[in-house]
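1. make a model of this:
(chains A and B)
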There are 2 protein chains.
Amino acid sequence: MTSNALRIGVLGSGNGTNCEAIVAACARAEVPGRVVVVVSDRADAGILARARQHDIETRVIGPSRFRTRLERELEEQLVGVLREADVQLVALAGYMRVVKTPMLRAFAGRIMNIHPSLLPAFPGLRAWEQALAHGARVTGCTVHFVDETLDGGPIILQQPVPIFPGDSPESLHRRIQVVEHELYSRAIRLFAEDKLRIEGRRVRILD
Amino acid sequence: MTSNALRIGVLGSGNGTNCEAIVAACARAEVPGRVVVVVSDRADAGILARARQHDIETRVIGPSRFRTRLERELEEQLVGVLREADVQLVALAGYMRVVKTPMLRAFAGRIMNIHPSLLPAFPGLRAWEQALAHGARVTGCTVHFVDETLDGGPIILQQPVPIFPGDSPESLHRRIQVVEHELYSRAIRLFAEDKLRIEGRRVRILD
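-> Numbers count the residues shown, from 1 in each chain, chains lettered A, B, ... in the order given. Reported below is the predicted structural model:
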């Protein structure tokens, strides 16, 4: 671990498989970075248990009286926690809250999310089920910077995933997750290497 | 050309490269069918010149006082032309008019379109430019059955096309077109072999 490793904060509400993949990619030095704090809005989230196994600091901020976001005071606490840990990149990994002004202002251009579809197709919840119900033949996943839109921020990387005739929501979701784990690490590596430039709604990747 | 070859009517407003690809696929017997009539809303459309080179019957129905559809009487004429030619499948190939009730009723489940994106992303005009402007990393093309929605009918086949950093609208469009030509013929072959079943908004492909 070099002293100039990117300091990553991960936010998640679920099982934390993407967080695990990021931690593993850092351990293998595929990402020149380190997950320094994992924050969840749910005290029982699997992502916290995984983080503790890796001796990563964990925090719970929530629950909230809102379902899809934190109230402002809680989000300001979240900013405080991430700043205290000197976080340089915030990686959302199955975080079920929309981030609002306090976070967007404190970490402008420094919040990433991964979404299980080829955005702008199928934004929102359970995108793999949406794709199946729509009868799509191809879906995929997207890593993007987070802005004030729902799943609409500038796209960093995308990768297609085919939908097979016999796919169930579960089989498709699993296949997307395999791609997610690799794609998120690639995007974070590009960020750590300072190779991403946000230009309007496009992201330029430097050579 | 077998006597039970699928009788295909092609509608187009432009240069007709997709029509050419369908004609070629029929000639190579990759599609068990035959383009029996090509109809355009524009007398000067390249698609008509191409059709005449292949000794295919051509018709012009239009212009119209509307920009994006035909008036009802013209669309009824169109139905008449296609019925007269005993058309079993209508393939839209760069046809710049939305088809309405007369066509949808006369050829229910028998009208296909090809669209230069992975629908539901980027419906409407110049989808490759939309994808570039959106900063997408992946786009593609879609063959779908036509219904009363704009580019929203049941999806038959889709194929992704990567967007490269240096892509111009032209370079991307060319790359999508190469995929279109192959994909459209595959979809028409499946139709000719009676292997497509529309089930709600999904299309099942029989083995």
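2. let's check: the centremost residue of chain A is which one?
-> Residue closest to the average C-alpha location in chain A (Cα atoms, centre = their mean): A:Leu92, at 2.9 Å.
3. got a list of what that one touches?
-> Neighbour list for A:Leu92: A:10-12, A:99, A:111-114, A:146 [criterion: Cβ atoms under 8 Å, 6 or more residues apart in numbering or on different chains]. Where you see a C-beta, it was placed from the backbone N, CA and C, and this is true even at glycine.
4. pull the number of nearby residues for A:Arg67.
-> 8 (other Cβ atoms under 10 Å in any protein chain shown).
5. phi, psi for it please.
-> Backbone geometry at A:Arg67, expressed as degrees, to the nearest 10, gives phi -90, psi -30.
6. and what of A:Ile114?
-> phi -120, psi 140.
7. bridging residues for it?
-> A:Val143 (DSSP bridges).
8. export the helix or strand where A:Val90 lies as PDB, just CAs?
-> Here A:Val90 is covered by strand A:89-92, with elements defined by DSSP states H and E. Coordinates of the C-alpha atoms in strand A:89-92 are reproduced here as PDB (Å, rounded to 0.1, in the frame of the first residue of the first chain):
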ATOM      1  CA  LEU A  89     -13.500   9.000  -3.800                       C
ATOM      2  CA  VAL A  90     -16.900   7.900  -2.600                       C
ATOM      3  CA  ALA A  91     -18.000   4.700  -4.300                       C
ATOM      4  CA  LEU A  92     -21.700   3.900  -4.000                       C
END
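9. what's the average pLDDT for that strand?
-> Strand A:89-92 comes out with an average pLDDT of 98.
10. what is the residue nearest to the centre of chain A paired to in the beta sheet?
-> Here A:Leu92, judged by DSSP bridges, has bridge partners A:Leu11, A:Asn113.
11. hmm, back to that, now for the helix or strand following the strand holding A:Val90, which elements pack on it?
-> Sequence order places helix A:101-106 as the next helix or strand after strand A:89-92, per DSSP H and E. Helix A:101-106 is packed against helix A:72-84, with contacts defined by 3 or more Cβ pairs under 8 Å, 6 or more residues apart in numbering or on different chains; DSSP states H and E.
12. surely A:Pro116 and A:Glu129 touch.
-> No: using Cβ atoms under 8 Å, A:Pro116 is not in contact with A:Glu129, being 9.8 Å away.
13. ok, the two, which is more surrounded?
-> Applying other Cβ under 10 Å to A:Pro116 and A:Glu129 shows that A:Pro116 carries more neighbours, namely 24 against 16.
14. the more buried one: what's it in contact with?
-> Contacts of A:Pro116 by Cβ under 8 Å, 6+ apart are A:127-128, A:139, A:141, A:173, A:176-177, A:180.
15. let's go with 10 Å and repeat that
-> The neighbours of A:Pro116, taking Cβ atoms under 10 Å, 6 or more residues apart in numbering or on different chains as the test, are A:94, A:122, A:126-131, A:139-142, A:161, A:172-173, A:176-177, A:179-180.
16. ok, now A:Val39?
-> A:9-13, A:45, A:47-48, A:51, A:57-62, A:77-78, A:81-82, A:85, A:87, A:90, A:95.
17. about what we covered before: which among the contacts of A:Pro116 are in contact with chain B?
-> A:122, A:130-131, A:139-140, A:142, A:161 (Cβ under 10 Å from any Cβ of the partner chain).
18. which among the contacts of A:Pro116 end up buried?
-> A:94, A:122, A:127-131, A:139-142, A:161, A:172-173, A:176-177, A:179-180 (16 or more other Cβ atoms under 10 Å in any protein chain shown).
19. those in helices, which ones?
-> A:127-131, A:172-173, A:176-177, A:179-180 (DSSP state H).
20. just those residues now: which is nearest A:Arg34?
-> Comparing those against A:Arg34 with Cβ to Cβ places A:Glu180 closest, at 20.3 Å.
21. that closest one against A:Cys141, yeah?
-> Yes: judged on Cβ atoms under 10 Å, A:Glu180 makes contact with A:Cys141 at a distance of 4.9 Å.
22. show the buried residues in the contacts of A:Val39.
-> By 16+ other Cβ under 10 Å, these give A:9-13, A:45, A:47-48, A:51, A:58-59, A:61-62, A:77-78, A:81-82, A:85, A:87, A:90, A:95 as buried.
23. so where is chain A shaky, pLDDT-wise?
-> A:1-3 (pLDDT under 70).
24. and it, what are its domain boundaries?
-> Domains of chain A are assigned by automatic domain parsing as A:1-108, A:114-207.
25. how about CSV for those, with distance to B:Ala29 added?
-> Formatted as CSV, these follow (distance: least, Cβ to Cβ, whole Å):
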stretch, distance to B:Ala29
domain A:1-108, 48
domain A:114-207, 25
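26. wait, which of those is closest to B:Ala192?
-> B:Ala192 lies closest to domain A:114-207 among these, at 19.2 Å (Cβ to Cβ).
27. can you pull the residues that touch both of A:Glu180 and A:Cys141?
-> Joint contacts of A:Glu180 and A:Cys141 (Cβ under 10 Å, 6+ apart) are A:114-116, A:159, A:161.
28. and of those, the nearest to A:Arg186?
-> Of all these, A:Arg186 sits closest to A:Gln159, with 9.2 Å by Cβ to Cβ.
29. dig out what that closest one forms beta bridges with.
-> A:Cys141.
30. with A:Arg59 instead?
-> With DSSP bridges as the rule, A:Arg59 is bridged to A:Val39.
31. wait, what's in contact with it?
-> A:9, A:11, A:37-40, A:48, A:51, A:77-78, A:81-82, A:84-85 are the contacts of A:Arg59 under Cβ under 10 Å, 6+ apart.
32. let's go with 7 Å and repeat that
-> The neighbourhood of A:Arg59, defined by Cβ atoms under 7 Å, 6 or more residues apart in numbering or on different chains, consists of A:37, A:39, A:81.
33. of those, closest to B:Ala5?
-> Distances from B:Ala5 to these, taken by Cβ to Cβ, are shortest for A:Val39, at 63.7 Å.
34. how close does that closest one sit to A:Ile47?
-> 9 Å (Cβ to Cβ, to the nearest Å).
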